[in-house]
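> Generate a structure from the sequence data that follows.
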Amino acid sequence: MQASLDLTGARLKVARAKKHFDDLRQAVTTYLAEEPYPYAWEPDSEIAGFRVVVREKTPPPAELALLVGDTIHNARAALDHLAVAMAIRNGANAVGVKETYFPITESDQRFKTSGLDKIKHLSPADRQQIAASKPYQGGTIRYGSFINSTLLTNTPS
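Numbering: from 1, shown residues only. Below you'll find the predicted structure:
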């Protein structure tokens, strides 16, 4: 029987990412409610018609960029916590844990040459699950779906 998978850290990171995303959604809604980009139809003699002119009345708050970054960072960290939990379940020592993280690469080739090395301390079944998600540009992974299906369907240890 395989040891249980402790997903506490990964679940906490997912919860934090969701909190940041909710904060981001609220901040964007508040910003857009102020109609920060008024527009007007103006005559345009070059095309014998009209053009839409958009002007920035209020720049986006700097907080939006921070919330986007925090959301992405915590979602990404949840994947790393998941990979580490899988390595621990597979018996990885401290060095193995330190070498493990969820590989996201720019191509299938790069995944095969360096990404697989980042999950070498996982069981073959766990490595296959991650590889099947195609975590690279042009792959089919949908990180939200992967997080939900992996983190939310496994029972905590």
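> packing partners for the longest helix along the chain?
Secondary structure of the chain per DSSP state H: the longest helix is helix 62-89. Helix 62-89 sits against helix 8-33, helix 94-98, helix 124-132, helix 143-151, with contacts defined as 3 or more Cβ pairs under 8 Å, 6 or more residues apart in numbering; DSSP states H and E. Every C-beta, even on glycine, is put in place using the N, C-alpha and C of the backbone.
> Adding distance to Asp80, write these out as a markdown table.
Converted to a markdown table, the helices and strands packed on helix 62-89 look like this (distance: least, Cβ to Cβ, whole Å):
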| stretch | distance to Asp80 |
| --- | --- |
| helix 8-33 | 8 |
| helix 94-98 | 11 |
| helix 124-132 | 12 |
| helix 143-151 | 12 |
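> quick one, which of the ones you listed is nearest to Ile104?
helix 143-151 (8.5 Å; Cβ to Cβ).
> hang on, the earlier thing: which one of the helices and strands packed on helix 62-89 lies closest to Leu82?
Short answer: helix 8-33, nearest of those by Cβ to Cβ, at 4.5 Å.
> list the helices and strands the closest one packs on?
Checked by 3+ Cβ pairs under 8 Å, 6+ apart, helix 8-33 has helix 62-89, helix 143-151 packed alongside it.
> lowest-confidence stretch among these?
Here the helices and strands packed on helix 8-33 differ in mean pLDDT, and the lowest is helix 143-151 at a mean of 62.
> re earlier: tell me the most buried of the helices and strands packed on helix 8-33?
Comparing the helices and strands packed on helix 8-33 by mean neighbour count (mean count of other Cβ atoms under 10 Å), helix 62-89 comes out on top with a mean of 18.
> so where's the protein uncertain?
Residue ranges of the chain with pLDDT under 70: 1-2, 141-157.
> do that again at 80, thanks
1-3, 139-157 (pLDDT under 80).
> that older thread, can you tell me which of the helices and strands packed on helix 8-33 is nearest to Ser114?
helix 62-89 (14.4 Å).
> Kindly calculate the angle that the closest one makes with helix 8-33.
Comparing the axes of helix 62-89 and helix 8-33 via axes from the mean of the first three to the mean of the last three Cα atoms, to 10 degrees yields an angle of 160 degrees.
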